[in-house]
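1. Provide a 3D model corresponding to the input given below.
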Amino acid sequence: MPDFTFELALQSRGLYRIAGIDEAGRGPLAGPVAAAAVILPNNFTCPGLDDSKKISPGKRELLYQRLTTDESVFWAVATASREEIEILNILKATHLAMRRAVESLAVAPQHCLIDGLPVRNFPYPHDGIAKGDGRSFSIAAASIIAKVTRDRIMLHLDREFPQFGFAKHQGYGTKQHLEALRIHGPCCHHRRTFQPIAQLALPFNDAGRPRP
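-> Numbers count the residues shown, from 1 in each chain. Predicted coordinates for the structure are as follows:
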């Protein structure tokens, strides 16, 4: 379970505004990538807070409400679009979303804790924490907000293109999704540089749907 070990170590150095950062949506075949930045107050408690991947959708929603309605919690979420993913590549687009999230915080952090590896040229001092969403409360909180935000985006895209089942798999390459791609071809929200979509190479029509 995550705790405040990393945050307390930074506080011992006089750093108190610590932003946890995490992303959601690097692996899917469709949709944007989302990132969240969260600064938790000292002695913050939130029973059940953990890595978003270990928590059911219903519980994630409850934790999201707890985090985003607490006035003592500073949080922001941002995305990088499908187009930006295509232009930059998924890693750079993820880092862009992370930077946007931090820059959108109401207060600037003194230090950041980022899930995974350190980010080159990140504009804030930070540490990369391997599997940080299961080790740091701040990163776990960010993982919840990023995941719920992106899932809601994919639910909206599902209403636009119900044939792909985005609400069920959030754009990941499930058997259902791959079969829908085989039948319908990609839509305007699919990441054209990702396999197997790159192999389809179907042009879009004016409505953003693949030509027959």
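
2. okay but residue 52 is in contact with residue 23, surely?
-> No. Using Cβ atoms under 8 Å, residue 52 is not in contact with residue 23, being 10.5 Å away. C-betas here are computed from N, CA, C, even on glycine.

3. Mutual contacts of the two, please.
-> Counting by Cβ atoms under 8 Å, 6 or more residues apart in numbering, the common neighbours of residue 52 and residue 23 are residue 146.

4. can you map out the helices along the chain?
-> Taking DSSP state H, the helices of the chain run over residues 5-11, 57-69, 82-88, 90-103, 137-160, 166-169, 175-184, 197-200.

5. Quick one: mean pLDDT for the fifth one?
-> Predicted confidence along helix 137-160 averages 98 (mean pLDDT).

6. can you state the direction angle for it and helix 57-69?
-> 120 degrees (axes from the mean of the first three to the mean of the last three Cα atoms, to 10 degrees).

7. quick one: buried residues of helix 137-160?
-> 137-151, 153-154, 157-158 (16 or more other Cβ atoms under 10 Å).

8. That helix - contacts with which helices or strands?
-> Counting contacts by 3 or more Cβ pairs under 8 Å, 6 or more residues apart in numbering; DSSP states H and E, helix 137-160 packs against helix 5-11, strand 18-24, strand 33-39, helix 57-69, strand 74-80, strand 111-115, helix 166-169.

9. could you redo the last one with a cut-off of 6 Å?
-> For helix 137-160, the packing partners by 3 or more Cβ pairs under 6 Å, 6 or more residues apart in numbering; DSSP states H and E come out as strand 18-24, strand 33-39, helix 57-69, strand 74-80, strand 111-115, helix 166-169.

10. Let's have these in TSV, adding distance to residue 97.
-> Formatted as TSV, the helices and strands packed on helix 137-160 follow (distance: least, Cβ to Cβ, whole Å):
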stretch	distance to residue 97
strand 18-24	6
strand 33-39	4
helix 57-69	18
strand 74-80	4
strand 111-115	12
helix 166-169	19
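
11. Need the ones you listed in JSON lines (columns: mean neighbour count and mean pLDDT).
-> Output for the helices and strands packed on helix 137-160, formatted as JSON lines (neighbours: other Cβ atoms under 10 Å; pLDDT from 0 to 100):
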{"stretch": "strand 18-24", "mean neighbour count": "29", "mean pLDDT": "98"}
{"stretch": "strand 33-39", "mean neighbour count": "31", "mean pLDDT": "98"}
{"stretch": "helix 57-69", "mean neighbour count": "16", "mean pLDDT": "97"}
{"stretch": "strand 74-80", "mean neighbour count": "22", "mean pLDDT": "98"}
{"stretch": "strand 111-115", "mean neighbour count": "25", "mean pLDDT": "98"}
{"stretch": "helix 166-169", "mean neighbour count": "18", "mean pLDDT": "97"}
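
12. Against residue 190, how distant is the residue nearest to residue 64 when sequence neighbours are not counted?
-> Nearest non-adjacent residue to residue 64, counting by Cβ to Cβ, 6 or more residues apart in numbering: residue 148, 4.2 Å away. Plainly put, residue 148 is 22 Å away from residue 190 if you go by Cβ to Cβ, to the nearest Å.

13. so the one residue sitting closest to the centre of the chain bridges to which residues?
-> Centroid-nearest residue in the chain, with Cα atoms, centre = their mean: residue 24, separated by 2.5 Å. Beta-bridge pairing of residue 24 under DSSP bridges involves residue 34.
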